[in-house]
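>>> Starting from these lines, generate the structure:
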Amino acid sequence: MKLSCCLSSILLMLFASMVTRAETAVFAGGCFWCMEADFEKVAGVSEVISGFTGGTLKNPTYEGNHEGHYEAVKVIYDPEVVSYGELLDHYWINIDPFDGRGQFCDKGPSYLSAIFVADARQRNLAEASKRKVVERFPGREVVTPVLPLTSFYPIRGEESYHQDYYRKYPVRYKFYRWNCGRDQRLEDIWGETPALQ
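Residues are numbered from 1 along each chain as shown. The predicted structure is shown next:
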């Protein structure tokens, strides 16, 4: 009996050590379809969820009222594979940090860019990453704020077609992204092979 109990405890500890501790990051960068597609390419990211955050309205919807909220993504990642700092670097090179009216062809408050931080550690890293962008572009105003994270509302129900839109509707998604000029503008800002040094 003691041997069986001891073996069970050892197996439980081994299993617990094998389970990775996932962390989350929340970013707004215009169209959540595009942000989702951009972050799901990153090694160590296990899931990206489209939704809304930043406002006070409860249960915002895409077709209904989402006033005060940003279109955003929640990135679930393994910090042993990719760090929060690396996610921040990836975020910046996938947005236009100078556009105070929205992102690319999408204009309006819900399409503004922002980094939503859950704690002091994230805030310090986000502010440091923003300073790198400011230093890289002297004389240009970086308008992307670092904001405290509020409730994140995933897109769900009848609107859940927005989750993984780029996979479900690849032709429509590619046409939208090209027509919006997103990649062309990103190349203008960050160069052909972007990197945040």
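
>>> close enough to count as contact, residue 176 and residue 33?
Yes. Applying Cβ atoms under 8 Å, one finds residue 176 in contact with residue 33, separated by 7.3 Å. C-beta coordinates here come from the backbone N, C-alpha and C atoms, glycine included.

>>> And these two? Which one has more around it.
When neighbours are counted by other Cβ atoms under 10 Å, residue 176 and residue 33 differ, and residue 33 comes out ahead with 23 against 18.

>>> Check the secondary structure at the most centrally placed residue in the chain for me.
Per Cα atoms, centre = their mean, the C-alpha nearest to the average position across the chain is that of residue 27, at 3.7 Å. Recorded secondary structure, residue 27: strand (DSSP: H, G, I helix; E, B strand; the rest coil).

>>> what does residue 82 give?
Of the three states, residue 82 takes coil under three-state DSSP.

>>> Tell me who's in contact with the residue nearest to the centre of the chain.
35, 39, 72-73, 75, 87, 91, 114-116 (Cβ atoms under 8 Å, 6 or more residues apart in numbering).

>>> same deal with residue 105?
179-182 are the contacts of residue 105 under Cβ under 8 Å, 6+ apart.

>>> Show me the shaky parts of the protein.
Within the chain, the ranges that satisfy pLDDT under 70 run 1-20, 193-197.

>>> Let me see the ranges of the strands in it.
For the chain, the strands defined by DSSP state E cover 23-29, 45-53, 70-77, 102-103, 106-107, 113-117, 146-148, 153-154.

>>> The longest one packs against which elements?
Read that as strand 45-53. On a contact count with 3 or more Cβ pairs under 8 Å, 6 or more residues apart in numbering; DSSP states H and E, strand 45-53 meets helix 32-40, strand 70-77, strand 153-154.

>>> Would you mind finding the most buried of those?
Of all the helices and strands packed on strand 45-53, strand 70-77 has the most neighbours on average by mean count of other Cβ atoms under 10 Å, namely a mean of 24.

>>> Please enumerate the helices of this structure.
Under the criterion DSSP state H, the chain contains helices at 2-18, 32-40, 84-92, 120-136, 165-168, 170-180, 182-190.

>>> hang on, the earlier thing: can you say which of the contacts of residue 105 are buried?
Neighbour counting by 16 or more other Cβ atoms under 10 Å classes 180, 182 among these as buried.

>>> Rebuild the contacts of residue 105 as TSV, extending it with distance to residue 149.
Formatted as TSV, the contacts of residue 105 follow (distance: Cβ to Cβ, whole Å):
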residue	distance to residue 149
179	32
180	27
181	30
182	25
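
>>> What is the nearest of the contacts of residue 105 to residue 110?
For the contacts of residue 105, the closest approach to residue 110 (Cβ to Cβ) belongs to residue 180, at 15.1 Å.

>>> The residue nearest to the closest one when sequence neighbours are not counted and residue 111, how far apart?
Nearest non-adjacent residue to residue 180, counting by Cβ to Cβ, 6 or more residues apart in numbering: residue 105, 4.0 Å away. Separation of residue 105 from residue 111 (Cβ to Cβ, to the nearest Å): 9 Å.

>>> Give the burial count for the closest residue to residue 95 other than its chain neighbours, as a bare number.
Distance criterion Cβ to Cβ, 6+ apart; nearest residue to residue 95, sequence neighbours excluded, is residue 29 at 4.2 Å. As a burial measure, residue 29 scores 28 neighbours (other Cβ under 10 Å).

>>> Thank you kindly, that will do.
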